[in-house]
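> model the following, please.
(chains A and B, ligands or ions: 2)
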Amino acid sequence: MNIVVCISSVPDTTSKINFTDNNSKFDSNGVQFVINPYDEFGLTKAMMLKEKYGGNVTVITVGDISVEPVMRKALAIGADNAVRINTSPLDSYSTASAIANYLKENEIDLIIAGKESSDYNGGAVPGMIAELMNLPFINACIGLEIENNTARLIREIDGGQEKVSTNLPCIIGGQKGLVNESDLRIPNMRGIMQARSKPLDVIEPESNENLVESNIFEKPDAKNACKLIDANNVSELISLLQNEAKVI
Amino acid sequence: MSILVYTESWNGSFRKSTFEAVSYASETAKLLSTDVVAISLGNVPNEELEKLGNYGVNKVISCEKINKEDAESAAEIMHNLINDSNIFIFSNTYSAKMIAPRLSIKMKAGLITNIISLSEDSSLLKVKRKAFSSKAIETVVVKSEKAILSIAPNSFKVIENSGMCEITKNDTIKTGRITVEGQETSSGKISLSEAEIVVSAGRGLKGPENWTMIEELADLLGAATACSKPVSDIGWRPHSEHVGQTGKVVAPNLYIAIGISGAIQHLAGVNSSKIMVAINTDPEAPFFKAANYGIVGDAFDVIPKMIEELKKTK
Ligand SMILES: Cc1cc2nc3c(=O)[nH]c(=O)nc-3n(C[C@H](O)[C@H](O)[C@H](O)COP(=O)(O)OP(=O)(O)OC[C@H]3O[C@@H](n4cnc5c(N)ncnc54)[C@H](O)[C@@H]3O)c2cc1C
Ligand SMILES: Nc1ncnc2c1ncn2[C@@H]1O[C@H](COP(=O)(O)O)[C@@H](O)[C@H]1O
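Numbering: from 1, shown residues only, chains lettered A, B, ... in the order given. Ligands and ions are numbered 1, 2, ... in the order given. Alright, predicted model coming up:
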């Protein structure tokens, strides 16, 4: 089985978010980048499928050289090879086009992406890849089994879940549940050593067209200090919520 | 050059998020001096479709034979109905997340998700969206001729006036490549991602048996229930309730956090809620820094009192 895992490199949630150039650019100074948490579940699932059915796991990231440490981490977790498409993603469309253009040339059984990336929470790239490559797309996936040429999946839907099936090749948007959190793989020493010699190919994109442009960033308004209410005066909380905040 | 809006329905009726998207579409249409055409998928009775007129829809195209879960067919039919329109509005719900990216490729339209403001300009589309787990707001501009705008639920006010809309039916039948083999829904429950009020509890609750009072409080408030990650990891609550960086992102008008410490990974999923309330025994709990209102106290004492008070006001 040929599996491709799309990985985005995102700031760790605990990072302080700052901007430079008159608030027009994200300031990556001192920010720790990690594999997008939703993609980690997908990467581990890919490793498990490979162990069961054999095959190859490729990780792919659209980004400049600064994303390579995160890609090496994916290789240390167990991916066989990595492909970096050398351009800074401008919007979901430019990212999805870069990935789809590259993958069109390859024989692939399964593409695993994340439900969304934790920086922009766009949740748009996998669905766009699906359309560009004319593949079925199953989003918010919390279960996946492969049987011959069929993928059996469980996806989250509004207020519940749904069992679905489709033929390979297909693309999924994964999240927690695709594998258990306790099964998530972390790189060990041997993996880290091996990762150094695994192939990380750098590909130049055919084009880098974007449809949406970032203009400026701002921080949300600072919150007022928390109003504390005495535990013996719960009725005051209710009345504040009704009359001051007007939310109940 | 009408503005199009996808009016999502659930078992034949619309929800608040649909009316938010329609109100957004109507305001945008006013800005551009045009009208609003709604596309509805699945079986929705006429009296429900007629309601859309009150929110500014001029015309509804009801595609009764298209299943919204089948995003591939949905995107295809929507694309066929677009004509010369350049702007398509969605609410950022589950099915929209599957349909909008596909449609954006067909239309070659810039797609912006998680939008929280109307366009600031009538000559080009310029809107604000949430970014970096709501730690920032980004203003983005559409470069392409066409655009799909997907609105974050609970961030745009529903605007209602009385009005009429014309209803037309489209009988196209289509099925995509995904077969649904079974469904499990907790019907009647309020959907977490769209709820206006969320009552959430953490490890401070000590055990799953203590959620009876959480559910009672939620019922009284018409709220959905949620939980912190460790709570779903230990199996006290289902995974679908887990909010935060690795779970769901929610943005209700009111988020009540009970026995939740307020770790940054938890806040990442809830901090764009309008009002947050923390109830915690520990005055140093980080949640108090993020909350608008707080009670330093024992949940087992405070929650029954809240329930009692709310019953009085009913
Ligand atoms: C990579 C990563 C991702 C993560 N993702 C998430 C995520 O998506 N969502 C998430 O929630 N967490 C996430 N976490 C975990 C997070 O860091 C915290 O550990 C978690 O949120 C703590 O849950 P809690 O507040 O329920 O429990 P605790 O931290 O144990 O807090 C319990 C709180 O209850 C209070 N308490 C105790 N007894 C009572 C009582 N009787 N009445 C009232 N209050 C009481 C205590 O004072 C305490 O503040 C993540 C962590 C990592 C490292
Ligand atoms: N720059 C990127 N390189 C590779 N994959 C990406 C990139 N950006 C997003 N993705 C994939 O698309 C998913 C959803 O991202 P997004 O649409 O940005 O929310 C992520 O979980 C990744 O699997």
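> make it CA atoms for all contacts and neighbour counts henceforth
Will do.
> quick one: the helix or strand hosting B:E184 near chain A?
Per DSSP states H and E: B:E184 is located in strand B:179-185. Yes: residues of strand B:179-185 are located near chain A by Cα under 8 Å from any Cα of the partner chain, namely B:179-185.
> what about the strand ranked longest in chain A, near ligand 2?
Longest strand in chain A, counting residues (DSSP state E): strand A:137-147. No: counting by Cα under 6 Å from any ligand atom, ligand 2 is not contacted by strand A:137-147; separation bottoms out at 10.1 Å.
> ok, then the element right after that strand?
strand A:150-157.
> contacting residues around A:V67?
In this structure, A:V67 makes contact with A:9, A:61, judged by Cα atoms under 8 Å, 6 or more residues apart in numbering or on different chains.
> using CSV, list the CA coordinates for the longest helix that chain A contains.
Taking DSSP state H as the criterion, chain A has its longest helix at helix A:37-53. C-alpha atoms of helix A:37-53 as CSV (Å, rounded to 0.1, in the frame of the first residue of the first chain):
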residue,chain,number,x,y,z
PRO,A,37,-1.8,17.4,16.4
TYR,A,38,-4.5,16.1,14.0
ASP,A,39,-1.8,14.9,11.6
GLU,A,40,0.0,12.9,14.3
PHE,A,41,-3.0,10.6,14.6
GLY,A,42,-2.9,10.1,10.8
LEU,A,43,0.8,9.4,10.8
THR,A,44,0.5,6.7,13.4
LYS,A,45,-2.4,5.2,11.6
ALA,A,46,-0.3,5.1,8.4
MET,A,47,2.5,3.3,10.3
MET,A,48,0.0,0.7,11.6
LEU,A,49,-1.5,0.1,8.1
LYS,A,50,2.0,-0.3,6.7
GLU,A,51,2.9,-2.9,9.4
LYS,A,52,-0.3,-4.9,8.5
TYR,A,53,-0.3,-4.7,4.7
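> quick one: mean pLDDT over that helix.
Average pLDDT, helix A:37-53: 96.
> sec struct for the residue in the stretch 151-300 of chain B that ligand 2 sits nearest to, please.
When scored by Cα to the nearest ligand atom, the stretch 151-300 of chain B has B:T246 as its residue closest to ligand 2, at 11.7 Å. Here B:T246 is recorded as coil under DSSP: H, G, I helix; E, B strand; the rest coil.
> okay, it: pLDDT?
At B:T246, pLDDT is 85.
> ok, it - contacts?
A:37-38, A:175-176, B:265.
> farthest pair within those residues?
A:Q175 and B:Q265 (15.7 Å; Cα to Cα).
> quick one, which of the two is more surrounded?
Neighbour count, other Cα atoms under 10 Å in any protein chain shown: between A:Q175 and B:Q265, A:Q175 has more, with 26 against 19.
> need the pLDDT of that one.
93.
> doesn't A:I142 make contact with it?
Yes: checked against Cα atoms under 8 Å, the pair A:Q175 and A:I142 is within contact range at 6.3 Å.
> which residues in the chain form helices?
I'll assume chain A. So, for chain A - with DSSP H - the helices run A:37-53, A:68-77, A:92-103, A:125-133, A:189-197, A:234-239.
> my bad, chain B
B:16-31, B:46-51, B:71-81, B:94-107, B:211-221, B:229-234, B:264-267, B:287-290, B:299-313.
> quick one: is the longest one near chain A?
No: using Cα under 8 Å from any Cα, we find that helix B:16-31 stays clear of chain A, coming within 12.7 Å at best.
> buried sites along that helix?
B:16-29 (16 or more other Cα atoms under 10 Å in any protein chain shown).
> what is the nearest of those residues to B:T113?
B:A21 (12.4 Å).
> quick check: that closest one touching B:I151?
Yes: contact criterion Cα under 8 Å: B:A21 and B:I151 qualify, at 6.6 Å.
> where do the contact lists of the two overlap?
In contact with both B:A21 and B:I151: B:89-91, using Cα under 8 Å, 6+ apart.
> switch these over to JSON lines; also include neighbour count, pLDDT and distance to chain A.
Output for those, formatted as JSON lines (neighbours: other Cα atoms under 10 Å in any protein chain shown; pLDDT from 0 to 100; distance: Cα to the nearest Cα, whole Å):
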{"residue": "B:I89", "neighbour count": "25", "pLDDT": "98", "distance to chain A": "15"}
{"residue": "B:F90", "neighbour count": "29", "pLDDT": "97", "distance to chain A": "13"}
{"residue": "B:S91", "neighbour count": "30", "pLDDT": "95", "distance to chain A": "13"}
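> quick one: which of these sit in strands?
Using DSSP E, the shared contacts of B:A21 and B:I151 in strands are B:89-91.
> ok so, going back, what subset of the contacts of B:T246 is also close to ligand 1?
B:Q265.
> need the residues of strand B:179-185 next to chain A in a markdown table (columns: neighbour count, distance to ligand 2 and pLDDT).
As requested, these are exported to a markdown table (neighbours: other Cα atoms under 10 Å in any protein chain shown; distance: Cα to the nearest ligand atom, whole Å; pLDDT from 0 to 100):
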| residue | neighbour count | distance to ligand 2 | pLDDT |
| --- | --- | --- | --- |
| B:T179 | 14 | 23 | 93 |
| B:V180 | 16 | 23 | 91 |
| B:E181 | 12 | 26 | 92 |
| B:G182 | 10 | 26 | 90 |
| B:Q183 | 14 | 25 | 87 |
| B:E184 | 12 | 25 | 85 |
| B:T185 | 13 | 25 | 77 |
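> so which residues on the stretch 151-300 of chain B come close to chain A?
So the stretch 151-300 of chain B meets chain A at B:177-187, B:189-192, B:221, B:240, B:245-247, B:253-254, B:264-265, B:268, B:275, B:288-297 (Cα under 8 Å from any Cα).
> ok, B:N114 - contacts?
A:121-122, B:92, B:129-130, B:150-152.
> ok, now how distant is B:S240 from A:I203?
39 Å (Cα to Cα, to the nearest Å).
> and these two? which has more neighbours close in?
Legend: neighbour count by other Cα under 10 Å for B:S240 and A:I203, higher for B:S240 (21 against 14).
> how much space between the more buried one and B:I77?
31 Å.
> and the buried ones among the residues of the stretch 151-300 of chain B next to chain A, selectable in ChimeraX?
In ChimeraX syntax, the buried subset of those is picked out as below (16+ other Cα under 10 Å):
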select /B:177,178,180,190,191,192,221,240,245,246,247,253,254,264,265,268,275,288,289,290,291,292,293,294,295,296,297
